[in-house]
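with the sequence up front, the predicted model follows.
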Amino acid sequence: MFTIFHLYRNRPIPERTLKLIWQHIEYFANTTGGKWLQDINWRGMEYRFADLMQDSGVGGAQTVVKANTIYLCDMEYDAPERHRQTWELFQLYPTIIHELRHVWQMRKWGWRYIICCLPILRNYTIEKDAYRIQDAAEKFFLELDGVRCAAQFRERNQAKEDNHD
Ligand SMILES: [Zn+2]
């Protein structure tokens, strides 16, 4: 079970990873499904890795105490580069979008957000909404990956043809 103690030891996200995170939030914010991101200051949020979360089975979390910090689980910190990229695209970024949706809910719904946070009720309210958005983000990043692969494929083929000339 996830508890606040899982957030106890946390560290800043490496510069390179953070840059990619921002880039991908921005991509999603420019889509129809991600327009709401423009209503919150997601660049002003603090993103941190909490390593103890690895034991909790939870990928992202926030607390009322530090409302502008998003804690994330770095599942693949020792994974090879290629694996890590896949994990970032399909797990890390959609999880961040999920957590940012809670930031948006809190801002938009005010005191109603607190009521919606109650156990059980939250599954039908804030979590339902956040997972819907997370799914949309996953789909978006999947398509983005497809476009990138196609572009790389074309580039490689072009390079091969050029070599034959
Ligand atoms: Zn959630």
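Right, received. Where do you want to start? Predicted model only: the values in this text are computed from it and were never measured.

all contacts plus neighbour counts: C-alpha atoms, from now on.
Fine.

as PDB, could you dump the C-alpha coordinates of the helix or strand containing I70?
According to DSSP states H and E, I70 maps onto strand 69-72. Once side chains and other backbone atoms are set aside, the C-alpha atoms of strand 69-72 remain, and they are given as PDB (Å, rounded to 0.1, in the frame of the first residue of the first chain):
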ATOM      1  CA  THR A  69       5.600  19.100  -6.100                       C
ATOM      2  CA  ILE A  70       5.000  16.000  -8.200                       C
ATOM      3  CA  TYR A  71       6.800  12.800  -7.000                       C
ATOM      4  CA  LEU A  72       7.600  10.200  -9.500                       C
END
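
elements contacting that strand?
Contact partners of strand 69-72 among helices and strands, from 3 or more C-alpha pairs under 8 Å, 6 or more residues apart in numbering; DSSP states H and E: strand 46-50, strand 60-61, helix 93-109.

tell me the buried residues in the host helix or strand of W87?
Assigning secondary structure by DSSP H and E places W87 in helix 81-87. Using 16 or more other C-alpha atoms under 10 Å as the test for burial, helix 81-87 gives R84, W87.
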